[in-house]
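Visitor: Whatever this is, show me its structure:
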Amino acid sequence: MVEFTPIEGLVMQAMKDIGATSEEKKKTADDIAKKCNRPKSMVNNALVMLVQKGAIRRVAREKASGYYILGTA
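Guide: Below is the predicted model:
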């Protein structure tokens with residue numbers, strides 16, 4: 001099992017709470033930052049680390065990228 005830092009855990013929980021659980025339900029970093037009530041820069045850093053750890057996936061789009069949780073992470 002992958003270990004998360006406190007902010008990564010908070011971001012993962014926020015993503016679960018807002019339903020970012022599949023590609024069809026992906027959410028932007030803004031959506032996640034609002035739910036976490038943390039600065040967007042802090043959330044963005046956590047999102048990058050979570051992508052590197054394989055816990056979430058980033059989907060590039062025209063405007064803002066979308067993120068969703070992979071499997072049972």
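
Visitor: Show me where this protein dips below the pLDDT cut-off.
Guide: Across the chain, the stretches falling below the confidence threshold (pLDDT under 70) are 1, 72-73.

Visitor: quick one, helices of the chain?
Guide: Using DSSP state H, the helices of the chain run over residues 6-17, 29-36, 40-52.

Visitor: What residues sit buried inside the second one?
Guide: What that stands for is helix 29-36. With burial defined by 16 or more other C-beta atoms under 10 Å, the residues of helix 29-36 counted as buried are Ala29, Asp31, Ile32, Ala33, Lys35, Cys36. Where you see a C-beta, it was placed from the backbone N, CA and C, and this is true even at glycine.

Visitor: Over to the first one?
Guide: Under the neighbour-count criterion of 16+ other C-beta under 10 Å, helix 6-17 has Ile7, Glu8, Leu10, Val11, Met12, Ala14, Met15 buried.

Visitor: The longest one too?
Guide: With burial defined by 16+ other C-beta under 10 Å, the residues of helix 40-52 counted as buried are Val43, Asn44, Ala46, Leu47, Met49, Leu50.

Visitor: Please write out the alpha-carbon positions of that helix in PDB.
Guide: These are the backbone C-alpha positions of helix 40-52, laid out as PDB (Å, rounded to 0.1, in the frame of the first residue of the first chain):
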ATOM      1  CA  LYS A  40      -4.300  25.700  -4.800                       C
ATOM      2  CA  SER A  41      -0.500  25.600  -5.100                       C
ATOM      3  CA  MET A  42      -0.300  23.100  -2.100                       C
ATOM      4  CA  VAL A  43      -3.000  21.000  -3.700                       C
ATOM      5  CA  ASN A  44      -1.300  21.000  -7.100                       C
ATOM      6  CA  ASN A  45       2.000  19.800  -5.500                       C
ATOM      7  CA  ALA A  46       0.100  17.000  -3.800                       C
ATOM      8  CA  LEU A  47      -1.700  16.100  -7.000                       C
ATOM      9  CA  VAL A  48       1.700  15.800  -8.900                       C
ATOM     10  CA  MET A  49       3.000  13.500  -6.100                       C
ATOM     11  CA  LEU A  50      -0.200  11.400  -6.200                       C
ATOM     12  CA  VAL A  51       0.100  11.000 -10.000                       C
ATOM     13  CA  GLN A  52       3.800   9.900  -9.500                       C
END
